[in-house]
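> predicted model follows, preceded by the sequence.
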2 protein chains.
Amino acid sequence: MTGLSSRISRFYESLEARDWSALEELLDPDIVYEVPQTRERVSGRAAYLRFNQQYPGDWHLVVRAVHENGSGGAAEVCFCVGGEEMVNVAFFELSAERVRAIRDYWPEPYEPPPGRERLVQRY
Amino acid sequence: MTGLSSRISRFYESLEARDWSALEELLDPDIVYEVPQTRERVSGRAAYLRFNQQYPGDWHLVVRAVHENGSGGAAEVCFCVGGEEMVNVAFFELSAERVRAIRDYWPEPYEPPPGRERLVQRY
């Protein structure tokens, strides 16, 4: 992991620790956070910090994979709250020093489409 | 983009072109493809090629973002079929030469949870 590569890891470490000053240091003042599935957007560092600080529940984050290059990256995260585990997937745009955009996805379980039963196994 | 960084891009180019021999060259013989949301798994190169060759519809792929490091990567892709656009997000594990594992996510639209209306904007 390069210095760049650890930025997304530090982002999740600061969230998990509720270390809001560490998180703030990682964020561009003009950060744009989006949830494409709900078409929700949070614009600006103060608003995005507030969004996280007020996120309900005693949630915990376990990072499964992080991949970065100079200008961006992605993370696959286990989001655990109240005994429930959800997968969270996020794409990051990075400026030289900070996170300037996040697209955050919350894929939920669904039934497999019919017709491909013989092409797959269930686990 | 390094040589490593272009592997996931070539993966999507070969899928979009239905260039099955190019795709085959990118795949580890023991590739494991998983859809965590449906708990479906396809094991092995021949089975995974068949899964793609038989995927229904005149689908097209537009890659929005790719991020890689030496051992893995992620892609955010627009999957278009019959006038419908879906987001596809995939995490890749790479061996020295080939794709050896894929976790493929299909996040669907949902209604925002109540209680955070004043923290976000809709777009």
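Yep, that arrived.

> what is the neighbour count of whichever residue of chain A sits closest to chain B?
Relative to chain B, the nearest point of chain A is A:Ala74 (3.5 Å; Cβ to the nearest Cβ). All C-beta spots, glycine's among them, are computed from the backbone N, C-alpha and C. A:Ala74 has 27 neighbours, counted by other Cβ atoms under 10 Å in any protein chain shown.

> any idea what it is bridged to?
Note on A:Ala74: beta-bridge partners by DSSP bridges are A:His67, A:Phe91.

> pLDDT score assigned to it?
Note on A:Ala74: pLDDT of 97.

> please tell me how far it sits from B:Leu61.
Distance, A:Ala74 to B:Leu61, by Cβ to Cβ, to the nearest Å: 17 Å.

> likewise for A:Gln54?
In this view, A:Gln54 and B:Leu61 are 37 Å apart by Cβ to Cβ.

> mind listing what's buried along the helix or strand hosting A:Met86?
According to DSSP states H and E, A:Met86 maps onto strand A:84-94. Buried positions in strand A:84-94, judged by neighbour count with 16 or more other Cβ atoms under 10 Å in any protein chain shown: A:Val87, A:Asn88, A:Val89, A:Ala90, A:Phe91, A:Phe92, A:Glu93, A:Leu94.

> got a markdown table for those, with pLDDT too?
Below are the buried residues of strand A:84-94 laid out as a markdown table (pLDDT from 0 to 100):
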| residue | pLDDT |
| --- | --- |
| A:Val87 | 97 |
| A:Asn88 | 98 |
| A:Val89 | 98 |
| A:Ala90 | 98 |
| A:Phe91 | 98 |
| A:Phe92 | 97 |
| A:Glu93 | 97 |
| A:Leu94 | 94 |
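
> among those residues, which one lies nearest to B:Ala22?
A:Phe91 (25.9 Å; Cβ to Cβ).

> list the contacts of the closest one.
Under the criterion of Cβ atoms under 8 Å, 6 or more residues apart in numbering or on different chains, the neighbours of A:Phe91 are A:Gly72, A:Gly73, A:Ala74, A:Ile102, A:Arg103, A:Tyr105, B:Ala65, B:His67, B:Ala74, B:Glu76, B:Val89.

> okay, now the closest residue to A:Asn69 other than its chain neighbours: neighbour count?
In space, and not counting its chain neighbours, A:Asn69 is closest to B:His67: 5.4 Å by Cβ to Cβ, 6 or more residues apart in numbering or on different chains. Counted with other Cβ under 10 Å, the neighbours of B:His67 add up to 25.

> so B:His67 sits against B:Gly73, correct?
Yes: B:His67 is in contact with B:Gly73 according to Cβ atoms under 8 Å; the separation is 5.8 Å.

> which residues do those two both contact?
Shared contacts of B:His67 and B:Gly73, defined by Cβ under 8 Å, 6+ apart, comprise A:His67, A:Ala74.

> elements contacting the biggest helix by length in chain A?
Counting residues, the longest helix found in chain A (DSSP state H) is helix A:6-16. With contacts taken as 3 or more Cβ pairs under 8 Å, 6 or more residues apart in numbering or on different chains; DSSP states H and E, helix A:6-16 sits against helix A:20-26, strand A:60-68, strand A:72-81, strand A:84-94, strand A:99-105.

> quick check: phi and psi on A:Ala114?
In this structure residue A:114 is Pro, not Ala. Dihedral angles of A:Pro114 (phi, psi; degrees, to the nearest 10) stand at phi -70, psi 160.

> no, scratch that, I was asking about A:Glu111
The phi/psi pair for A:Glu111 (degrees, to the nearest 10) reads phi -80, psi 140.

> surely it touches B:Thr38?
Yes: A:Glu111 is in contact with B:Thr38 according to Cβ under 8 Å; the separation is 6.8 Å.

> those two: who's more crowded?
Neighbours were counted for A:Glu111 and for B:Thr38 using other Cβ under 10 Å; B:Thr38 has more, 18 against 7.
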